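Asks: Provided below for reference: sequence and predicted model.
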Amino acid sequence: MNARLEDIEAIKQLKARYFRTLDTKQWAAWRAVFTDDAAFDGTRRSFNGPDEFCALTSAWLQDAITVHHGHMPEIVFTGPDTARGIWAMFDIVQFPAPTPGSGPYAGNGFIGYGHYEEEYRKISEGWRISLLRLTRLRVDPLPAGSAFAPVPEGLLRSGTSPWL
Amino acid sequence: MNARLEDIEAIKQLKARYFRTLDTKQWAAWRAVFTDDAAFDGTRRSFNGPDEFCALTSAWLQDAITVHHGHMPEIVFTGPDTARGIWAMFDIVQFPAPTPGSGPYAGNGFIGYGHYEEEYRKISEGWRISLLRLTRLRVDPLPAGSAFAPVPEGLLRSGTSPWL
Amino acid sequence: MNARLEDIEAIKQLKARYFRTLDTKQWAAWRAVFTDDAAFDGTRRSFNGPDEFCALTSAWLQDAITVHHGHMPEIVFTGPDTARGIWAMFDIVQFPAPTPGSGPYAGNGFIGYGHYEEEYRKISEGWRISLLRLTRLRVDPLPAGSAFAPVPEGLLRSGTSPWL
């Protein structure tokens, strides 16, 4: 391994910001993890760049409860300022009311498993995601009777005080 | 990034000990991941330091089956011997018999998602957790009919032989 | 900590290949993460080396949907070319039809939690797993009515294009 450990750690923290700002709905910070020409694949539909991707996705998920976790990264470099990586992933998405229509993302929501296959590029501000491809191992619809479960009273809500 | 990769890896392993010794109920080793003046927030109640926190939590969880996982750390340094970090988290807690009362942690147990927002301090023995704040994205009660599921016969139980 | 960060990262990526090639059923690549004298413990039965382990496990899981995730590694070195490590783990295994018999792995499948306690050895091609011991915190059978949930139409299947 040609060890570029600082860059690997920076890309891990980049992807951590992706997950944290998504689930805590800090949408401007979420947009900032992508390059301006970022591409998206394996998602519900096609998107014309990261502004459209973030605008439509944030509108879709604003009132949902979401949890996204990444695991077991394998990051390799393709040049001084470019890298590829793959992460195992887990997600729960639950909508406050059933989404009409059919397909994997209709209904109450879902629990899914798969991988992110990604490309990264280093710009002047640091590493960014330039390609996000989501692949799936399985997707289970949330049971029809699932309670919409926001944070119980007496507990702290994630993201209410910016920590980093 | 001002790369302090050795310290980052040491803090990751510190938090790994937190999870492993908690779920395998090695309570003395669990106490040892905290500084003597560690503070706790977002938990069920307030605690007067780590001795009380560990004594009450271990009594609460001794007969429960627990699984705690951390994900996607973002660790930054605030001084030569101080750091902050945030981790996504997942936990399952199941009690051998329903806990009376109400609230998020009553009943059979729960499955939860959220974040640890933490501070760390390096003492002579190494890095320790000096502040643990637990925040939540969602908490689901375990279904009323959930079987209490200890390790099936024929499989090895985690933590029965100290590995590290 | 005697920091051997390059080796730690290499072992993390080794274990990531273990998980990714298992769940995407790239069996030759899965076999390649083990030394030729690798030993296995805590699994369903005993195995006479990695060839038998991989042959029997791949036959068992070929038509199943599996998800395996590792978390929170603690890796320590026992020599220039040897290491030990422990990982928290999560797995879902679902069979296309119920497996006859009894025991933790019969029926529709299961959701499990535990730890991998492992040894690693560096050979000329890089780090390999020389001992895999699986221990458990809990194992839940999949509910009787669980739908067998392959990847929904319109989504990409993990592992269909080799990424790394």
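Replies: Right, received. Where do you want to start?
Asks: is chain B contacted by the top helix by length along chain A?
Replies: As assigned by DSSP state H, the longest helix anywhere in chain A is helix A:5-23. Yes - residues of helix A:5-23 contacting chain B under C-beta under 8 Å from any C-beta of the partner chain: A:5, A:6, A:9, A:10, A:12, A:13, A:15, A:16, A:17, A:19, A:20, A:23. C-beta coordinates here come from the backbone N, C-alpha and C atoms, glycine included.
Asks: number of residues surrounding the third one?
Replies: Neighbour count for residue A:9, taken as other C-beta atoms under 10 Å in any protein chain shown: 21.
Asks: wouldn't it be in contact with residue B:4 here?
Replies: No - counting by C-beta atoms under 8 Å, residue A:9 does not reach residue B:4; the two are 9.6 Å apart.
Asks: name the residues of chain A found near chain B, please.
Replies: Residues of chain A lying near chain B (C-beta under 8 Å from any C-beta): A:5-6, A:9-10, A:12-13, A:15-17, A:19-20, A:23-24, A:65-67, A:69-71, A:92, A:94, A:126, A:147, A:149-161, A:163-164.
Asks: coming back round to it: now, of the residues of helix A:5-23 next to chain B, which are buried?
Replies: By neighbour count, with 16 or more other C-beta atoms under 10 Å in any protein chain shown, the residues of helix A:5-23 next to chain B hold A:5, A:9, A:10, A:12, A:13, A:15, A:16, A:17, A:19, A:20, A:23 as buried.
Asks: could I get those residues in a markdown table, plus columns for pLDDT and distance to residue B:77?
Replies: Below are these laid out as a markdown table (pLDDT from 0 to 100; distance: C-beta to C-beta, whole Å):
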| residue | pLDDT | distance to residue B:77 |
| --- | --- | --- |
| A:5 | 97 | 16 |
| A:9 | 98 | 13 |
| A:10 | 98 | 14 |
| A:12 | 98 | 16 |
| A:13 | 98 | 13 |
| A:15 | 98 | 20 |
| A:16 | 98 | 16 |
| A:17 | 98 | 17 |
| A:19 | 98 | 22 |
| A:20 | 98 | 19 |
| A:23 | 98 | 25 |
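Asks: restricting to the residues you listed, which residues neighbour chain C?
Replies: Among these, the residues lying close to chain C (C-beta under 8 Å from any C-beta) are residue A:5.
Asks: nearest to chain C, of the buried ones among the residues of helix A:5-23 next to chain B?
Replies: Comparing these against chain C with C-beta to the nearest C-beta picks out residue A:5 as the nearest, at 5.5 Å.
Asks: report the contact partners of the closest one.
Replies: B:3, B:5, C:5, C:6, C:9 (C-beta atoms under 8 Å, 6 or more residues apart in numbering or on different chains).
Asks: just residue A:66 next, same as before
Replies: Counted by C-beta under 8 Å, 6+ apart, residue A:66 has contacts A:22, A:23, A:91, A:92, A:93, A:94, B:137.
Asks: can you check residue A:37 too?
Replies: A:49, A:50, A:130.
Asks: ends of stretch A:70-86, what's the gap?
Replies: End-to-end distance of stretch A:70-86 (C-alpha to C-alpha, to the nearest Å): 10 Å.
Asks: so where do the helices sit in chain A?
Replies: A:5-23, A:27-31, A:49-61.
Asks: now those as CSV including distance to residue B:60?
Replies: Output for the helices of chain A, formatted as CSV (distance: least, C-beta to C-beta, whole Å):
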stretch, distance to residue B:60
helix A:5-23, 27
helix A:27-31, 36
helix A:49-61, 34
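Asks: out of these, nearest to residue B:115?
Replies: Smallest distance to residue B:115 across the helices of chain A (C-beta to C-beta): 7.2 Å, for helix A:5-23.
Asks: got the angle between that closest one and helix B:5-23?
Replies: Relative orientation of helix A:5-23 versus helix B:5-23 (axes from the mean of the first three to the mean of the last three C-alpha atoms, to 10 degrees): 50 degrees.
Asks: what angle separates helix A:5-23 from helix A:49-61?
Replies: On the basis of the same axes, to 10 degrees, helix A:5-23 is oriented at 40 degrees to helix A:49-61.
Asks: keeping just the C-alphas, turn helix A:5-23 into CSV.
Replies: Coordinates of each C-alpha in helix A:5-23 appear next as CSV, following Å, rounded to 0.1, in the frame of the first residue of the first chain:
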residue,chain,number,x,y,z
LEU,A,5,-2.8,8.1,5.6
GLU,A,6,-3.6,11.8,6.0
ASP,A,7,-5.6,11.8,2.9
ILE,A,8,-7.4,8.6,3.9
GLU,A,9,-8.4,10.1,7.2
ALA,A,10,-9.5,13.3,5.5
ILE,A,11,-11.8,11.3,3.2
LYS,A,12,-13.2,9.3,6.1
GLN,A,13,-14.0,12.6,7.9
LEU,A,14,-15.5,13.9,4.6
LYS,A,15,-17.9,10.9,4.4
ALA,A,16,-18.6,11.3,8.1
ARG,A,17,-19.8,14.8,7.5
TYR,A,18,-22.0,13.5,4.6
PHE,A,19,-23.8,11.2,7.0
ARG,A,20,-24.0,13.5,10.0
THR,A,21,-25.2,16.6,8.1
LEU,A,22,-27.7,14.5,6.2
ASP,A,23,-29.3,12.9,9.3
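Asks: pretty sure residue A:27 sits against residue A:58.
Replies: Yes - using C-beta under 8 Å, residue A:27 is in contact with residue A:58, at 4.5 Å.
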